[in-house]
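J.: I would like to see how this sequence folds:
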Amino acid sequence: MLVYKLTVAIYDLTDQFTEVFIDKYSRTRDQMVQAVRSGMQNIVEEKTGNRASGDILSFLESQGDRLKNF
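T.: I've put the predicted structure just below:
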């Protein structure tokens, strides 16, 4: 659950960043938001057993303690 909460925070920060710094109609903005959304979906699928690779999940869990105080 901690990993999913971190991905929600990353999604929110990315969305805020793109609203402020990247043109509303830019393809770059679309790609950044889609990448974060895709990452969130990968976490959900990994937790439910739909994904074989746990690389993303393992990385985020290893970073969890470091990001808690951020």
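
J.: from here on, contacts and neighbour counts on C-alpha atoms
T.: Will do.

J.: which residues of this protein fall in strands?
T.: Taking DSSP state E, the chain contains no strands at all.

J.: Would you map the helices across it?
T.: 2-21, 27-47, 55-68 (DSSP state H).

J.: mind giving me CSV with those helices and columns for mean pLDDT and mean neighbour count?
T.: Shown next, in CSV, are these (pLDDT from 0 to 100; neighbours: other CA atoms under 10 Å):
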stretch, mean pLDDT, mean neighbour count
helix 2-21, 87, 15
helix 27-47, 85, 15
helix 55-68, 65, 13
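
J.: Please tell me I have it right and Arg29 contacts Val20.
T.: No: counting by CA atoms under 8 Å, Arg29 sits too far from Val20 to count as a contact (10.6 Å).

J.: Quickly list what's touching both of the two.
T.: Counting by CA atoms under 8 Å, 6 or more residues apart in numbering, Arg29 and Val20 have no contacts in common.

J.: What are the phi and psi values at Asp23?
T.: phi -50, psi 140 (degrees, to the nearest 10).

J.: My error: substitute Lys24 in the last question.
T.: According to degrees, to the nearest 10, Lys24 has phi -60, psi -30.

J.: Per-residue pLDDT of it, please?
T.: Per-residue confidence (pLDDT) for Lys24: 90.

J.: Could you pull up the contacting residues of it?
T.: Lys24 neighbours (CA under 8 Å, 6+ apart): Thr18.

J.: gap between it and Asp30?
T.: Using CA to CA, to the nearest Å, we find Lys24 at a distance of 9 Å from Asp30.

J.: can you pull the contacts of Val36?
T.: Thr7, Ile10, Tyr11, Thr14.

J.: List the contacts of the last one.
T.: Meaning Thr14. Contacts of Thr14 by CA under 8 Å, 6+ apart are Met32, Val33, Val36.

J.: Could you do Val8 as well?
T.: Met40.

J.: Now do it against Gly39, distance only.
T.: From Val8 to Gly39 the distance is 10 Å (CA to CA).

J.: need the contact list for the closest residue to Thr18 other than its chain neighbours.
T.: Residue nearest to Thr18 in three dimensions, not counting chain neighbours: Arg29, with 5.9 Å by CA to CA, 6 or more residues apart in numbering. For Arg29, the contact set (CA under 8 Å, 6+ apart) comprises Thr18, Ile22, Asp23.
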